[in-house]
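Undergrad: Sequence isn't available, so here's the structure alone:
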């Protein structure tokens, strides 16, 4: 009968020990008690064996000192028995404390105690024989404690395993015992401080010449740091994959030859490609991906890719790619090679940016720009037409007004030929002004410029006031003129300056239509500033300006029938002469409009051909 359990072996030993005691008493021979001492020392422990030695000594004295045993030298035999029992106890004590691992190692490899990591050995049936010192130190038990654990339970080692790993570990160990296959297991082991760390347990069977298993030897390697590093790597890979799949662009990888082998989720969802589909050779299909490009773009795309891959140069290409819904959209494709330390291309990284909305927006913007250009040309033509009508209207109105005065002077009784002649001269001058307006318009279209000349602004003011004398009188406006007699000449176009002054004076007259006739007063002042600028200011007593700056904007007017072009053209004329035109409200009421020009030594700039009129 094969005794495989430690309990079975102990029970059999105790039966033998009891039988030896009974035999020693029955035949009056104390030497049989030595067997009981040895069994107690081995099965229970050397400390209990010491008690067994004392008890055996007392029992042997009872046997040896019987009357029938005294004749045979009972004292001497008793001494020999006690010495033998004590010697037996001492030998077993040495075996239990000093020679346990030496005895165990003799049945295994001689250097197993020095193997790296935590080493162990087991019997052929799987019962553990020992743990090496490193293993004992790690779990925090002594050799005696471990021996008692192994004697008490064949799976005593399971108490050091994490509870979640025990069942699977025992199942794998049993599988190796039944099949003889090497053990390769991973589980968490409790350290002496209560901390669990991951270990890899590798065990192999030792076989005799006939191939029978005579034992198991194993090593437990600490892989906790490795598992943590692997877990961190897997987490990093998951995050990288999540990043690659969620970035708002399509990413794909290509072999050094330019064959695609990876598409991120964004690309797969957008194009509907199957990244797992293979050619018969095992390579991802490239021809199918080429078909994604618009037929009109395929030739250019293939040529660009071929050149880039052949030269190993980055590539940027724009073309239309078919989305999974069948719509072709403009894509900006960019490719960069990844090289190793030797400069050899190991793969290509490609990104596709959907720029279809941008392309359509640019096209829509281009069409809008064209429509806007046409609208601006039409608006410019309309504005020019208004300006021409506005500028021609002033001298023609002056002709009509002077012609009426001419008729009145001739129809007077008696006729006033002197006044009629003076008015006729004004009619001629007004007609010439109209003709000059037309000439300057023709010069504008012919891209020619008018030649400025030195003029006296005081004379221009006097001429305008004479021209508007009837209007001043009919509007009940009193005129105050304060002209600087030392005013220097300015270099400008005479007709344009006359039209500017005429526009400012007429606007001043019209600004006072809504106030009391007795308060209507128009003041015109000319002066020379210290910085060399010559200024002319026209002040009225009207209600003032709500927005002094806006009155110079084109088509802005406060008059019911105004066009809003007069002051805008006046500012353009003054600025073209290097001057400045501005407006202010007067604290006592009314408004003033002033223009300044550099005196005659200043160089005149190109003069606009547009003429002002009443705004």
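TA: Cool, got the structure. All figures in this text were calculated on a predicted structure; none of them were measured in a lab. Numbering: from 1, shown residues only.
Undergrad: and residue 173, how many neighbours?
TA: A count of nearby residues for residue 173, using other Cβ atoms under 10 Å, gives 21. Any C-beta I mention is one placed from the backbone N, CA and C, and that applies to glycine too.
Undergrad: Could you check how far the closest residue to residue 438 other than its chain neighbours is from residue 574?
TA: Leaving out its chain neighbours, the residue that sits closest to residue 438 by Cβ to Cβ, 6 or more residues apart in numbering is residue 392, at 7.4 Å. Spatial separation of residue 392 from residue 574 under the definition Cβ to Cβ, to the nearest Å is 21 Å.
Undergrad: Who has more neighbours out of the two?
TA: Each of residue 392 and residue 574 had its neighbours counted (other Cβ under 10 Å), and the higher figure belongs to residue 574 (22 against 17).
Undergrad: number of nearby residues for the nearest residue to residue 196 once chain neighbours are set aside?
TA: Closest residue to residue 196 in three dimensions, ignoring its sequence neighbours and counting by Cβ to Cβ, 6+ apart: residue 188, at 4.2 Å. In terms of burial, residue 188 registers 19 neighbours under the definition other Cβ under 10 Å.
Undergrad: Contacts only, for residue 188.
TA: With Cβ atoms under 8 Å, 6 or more residues apart in numbering as the criterion, the residues that contact residue 188 are 161-162, 164-165, 196-199.
Undergrad: Mark which of those residues are part of strands, please.
TA: Here DSSP state E is the test, and the contacts of residue 188 give 196-199 as lying in strands.
Undergrad: Tell me if I'm right that residue 130 and residue 118 touch.
TA: No. With the criterion set as Cβ atoms under 8 Å, residue 130 and residue 118 do not qualify as a contacting pair; they are 11.7 Å apart.
Undergrad: Nearest to residue 545 among the contacts of residue 188?
TA: Relative to residue 545, the closest of these is residue 198; by Cβ to Cβ it sits at 88.5 Å.
Undergrad: if I look at the closest one, how far off is residue 227?
TA: On the measure of Cβ to Cβ, residue 198 and residue 227 end up 5 Å apart.
Undergrad: what residues are up against the residue nearest the centre of the chain?
TA: Central residue of the chain (Cα atoms, centre = their mean): residue 247, 8.6 Å from the mean position. Neighbouring residues of residue 247 by Cβ under 8 Å, 6+ apart: 264, 266.
Undergrad: what's the pLDDT at it?
TA: Residue 247 is assigned 76 on the pLDDT scale.
Undergrad: Quick check: phi and psi on it?
TA: Here is the backbone geometry of residue 247 (degrees, to the nearest 10): phi -60, psi 140.
Undergrad: any idea how far residue 265 is from it?
TA: Distance from residue 247 to residue 265, by Cβ to Cβ: 10 Å.
Undergrad: mind checking how far residue 355 is from residue 250?
TA: Using Cβ to Cβ, one obtains 12 Å as the distance from residue 355 to residue 250.
Undergrad: looking at it, the residue nearest to residue 438 is touching residue 434, isn't it?
TA: Yes. Using Cβ under 8 Å, residue 392 makes contact with residue 434 at a distance of 6.0 Å.
Undergrad: pLDDT below threshold where in the stretch 201-350 of the chain?
TA: 274-289 (pLDDT under 70).
Undergrad: Could you pull out the helices in it for me?
TA: Under the criterion DSSP state H, counting those that start in this stretch, the stretch 201-350 of the chain carries helices at the ranges 224-246, 265-271, 287-290, 295-311.
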